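1. what would the 3D arrangement of this be:
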Amino acid sequence: MGERKVTNKYYPPDFDPSIIPKRENWRAPGVQIKIRFMLPMSLQCQTCGEYMYRGKKFNARKEDMYGPDSDYLGIRKYRFYIRCVSCCAEVCIRTDPQNSDYVVERGASRNFEPWQQESELNKKIAELKAQETEQDTMANLENRTKESKREMEILDALQEIQDLNNRSAKVDTDAILEERRKQAAEAEEKAIQAEVNSVEFKSAAGGVKRLAESGSEDSEARRAKRAKNSVFAVKKSNDEAAAGTSSSATLVGEGGDDQGSGEMPAPAVVAVVKKSKKKKKKKKKKKKKEDEAPSGLGLVAAYGSSDSGN
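-> Numbers count the residues shown, from 1 in each chain. A predicted model of the protein is given here:
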């Protein structure tokens with residue numbers, strides 16, 4: 001399939017390029033080329049009154065304009081020729097780069113467009129204001145003062161931007177980031193220290209006691225005290241007290257004979273032993289009641305004997 005799209009052409013041995021006619025210069029004055037043209041605005045034919053709306057396509061002829069009014073600030077102007085769709089009358093349109101628009105030269109009239117009228121009014125108002133300021137010297141002086149003030153503000157802003165750029169060009173970003181990290185760490189340490197200092201504990205006497213620092217001698221003593229009063233230590237001491245001698249159990253139960261001796265057991269041990277004795281008494285009472293109460297079979301037998309006696 002590749003050979004079907006070859007762009008090469010055959011040139012015979014007796015080919016003479018001078019025989020080929022040269023192409024006409026379409027940029028020459030009066031030379032027109034055919035293009036496909038779309039209407040940029042709505043028109044009305046002056047011959048038959050037919051309306052042609054914006055966006056309608058035509059086979060038009062295009063040519064470059066020549067003469068004193070052929071360009072605007074170096075922008076070339078073009079002229080287009082179309083025909084009316086009803087009577088085939090010729091309509092001529094040209095470009096207007098000054099107003100970024102098109103101008104109908106002959107053969108048709110442009111329909112009314114409110115935005116175009118508004119732009120024309122704005123232009124006229126601006127021209128009248130310019131004439132008034134030129135005639136009024138005080139107004140002209142005020143306008144010049146405002147303009148100079150605005151220029152000074154713009155120059156100050158530009159100078160500030162240049163200073164910032166020069167300053168940022170000499171700044172070491174790594175050093176700034178490291179300094180920011182140090183500041184953040186210091187702020188975090190200060191916040192933690194302030195939170196620790198704000199914590200207060202009230203003692204039994206009603207005073208205020210602050211937390212001691214970790215690693216002090218007082219902290220070791222408190223650890224030992226907590227270990228002594230822990231649940232496991234109390235349970236162990238209770239087991240030892242239950243398995244102790246009868247004399248120690250009697251001493252704990254009576255509680256009055258050992259007041260003079262000066263050797264009192266720990267209050268936690270005494271409370272646990274009393275509680276265990278109460279539980280044993282409750283179990284004994286419950287067992288005694290169960291023994292005294294007749295069982296279900298005994299009740300059935302007694303009921304049967306009573307029925308037979310009757």
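2. when you work out contacts or count neighbours from here on, use the C-alpha atoms and nothing else.
-> Noted.
3. which element is I82 on?
-> Per DSSP states H and E, I82 falls inside strand 78-83.
4. just the buried positions in the next helix or strand after that strand, please.
-> Downstream of strand 78-83, the next assigned helix or strand under DSSP H and E is strand 90-96. For strand 90-96, the neighbour count (16 or more other C-alpha atoms under 10 Å) marks 91-96 as buried.
5. can I get stretch 38-52 in PDB? Just the C-alpha atoms.
-> Listed next in PDB are the C-alpha coordinates belonging to stretch 38-52 (Å, rounded to 0.1, in the frame of the first residue of the first chain):
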ATOM      1  CA  MET A  38     -18.600  33.700   6.700                       C
ATOM      2  CA  LEU A  39     -20.600  36.800   7.500                       C
ATOM      3  CA  PRO A  40     -19.300  38.500  10.600                       C
ATOM      4  CA  MET A  41     -22.600  40.500  11.100                       C
ATOM      5  CA  SER A  42     -26.200  40.700  10.000                       C
ATOM      6  CA  LEU A  43     -26.900  42.500   6.700                       C
ATOM      7  CA  GLN A  44     -29.900  43.600   4.600                       C
ATOM      8  CA  CYS A  45     -29.500  43.800   0.800                       C
ATOM      9  CA  GLN A  46     -30.300  47.300  -0.500                       C
ATOM     10  CA  THR A  47     -31.500  45.900  -3.900                       C
ATOM     11  CA  CYS A  48     -34.200  43.400  -2.800                       C
ATOM     12  CA  GLY A  49     -34.300  43.900   1.000                       C
ATOM     13  CA  GLU A  50     -33.300  40.300   1.800                       C
ATOM     14  CA  TYR A  51     -31.800  39.700   5.300                       C
ATOM     15  CA  MET A  52     -28.500  37.800   5.600                       C
END
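6. chain center to it: distance?
-> Its chain's C-alpha centre and that of stretch 38-52 lie 54 Å apart, by C-alpha atoms, centre = their mean, to the nearest Å.
7. avg pLDDT for that stretch?
-> Here stretch 38-52 scores 91 as its mean pLDDT.
8. which outside residues touch that stretch?
-> 53-58, 84-87, 89, 91, 102, 107-111 (C-alpha atoms under 8 Å, 6 or more residues apart in numbering).
9. over to stretch 91-102?
-> Counting by C-alpha under 8 Å, 6+ apart, 40, 45, 72, 75, 77-84, 103-108 sit against stretch 91-102.
10. just the buried members of those residues?
-> 45, 77-84, 104, 107-108.
11. of the residues you listed, just say which sits nearest to E179.
-> Relative to E179, the closest of the buried ones among the contacts of stretch 91-102 is K77; by C-alpha to C-alpha it sits at 64.5 Å.
12. isn't the closest one right up against E63?
-> No: under the criterion of C-alpha atoms under 8 Å, K77 makes no contact with E63, lying 9.1 Å away.
13. average pLDDT for stretch 168-185, rounded please.
-> On average, stretch 168-185 scores 83.
14. distance from the chain centre to it, please.
-> Computed by C-alpha atoms, centre = their mean, the chain-centroid distance of stretch 168-185 equals 26 Å.
15. check which residues of that stretch are buried.
-> Across stretch 168-185, burial judged by 16+ other C-alpha under 10 Å covers no residue at all.
16. circling back: now tabulate the buried ones among the contacts of stretch 91-102 in a markdown table and tack on distance to S119.
-> Shown next, in a markdown table, are the buried ones among the contacts of stretch 91-102 (distance: C-alpha to C-alpha, whole Å):
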| residue | distance to S119 |
| --- | --- |
| C45 | 25 |
| K77 | 22 |
| Y78 | 24 |
| R79 | 24 |
| F80 | 25 |
| Y81 | 27 |
| I82 | 28 |
| R83 | 30 |
| C84 | 29 |
| V104 | 18 |
| G107 | 25 |
| A108 | 22 |
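17. other SSEs contacting the helix or strand encompassing I154?
-> In the assignment (DSSP H and E), I154 maps to helix 137-169. Helices and strands touching helix 137-169, by 3 or more C-alpha pairs under 8 Å, 6 or more residues apart in numbering; DSSP states H and E, are helix 114-135.
18. just the angle for the helix it packs on relative to helix 137-169, thanks.
-> On the basis of axes from the mean of the first three to the mean of the last three C-alpha atoms, to 10 degrees, helix 114-135 is oriented at 100 degrees to helix 137-169.
19. helices or strands next to helix 114-135 in the packing?
-> Using 3+ C-alpha pairs under 8 Å, 6+ apart, helix 114-135 is in contact with helix 137-169.
20. could you look up the next helix or strand downstream of the helix it packs on?
-> Downstream of helix 137-169, the next assigned helix or strand under DSSP H and E is helix 173-198.
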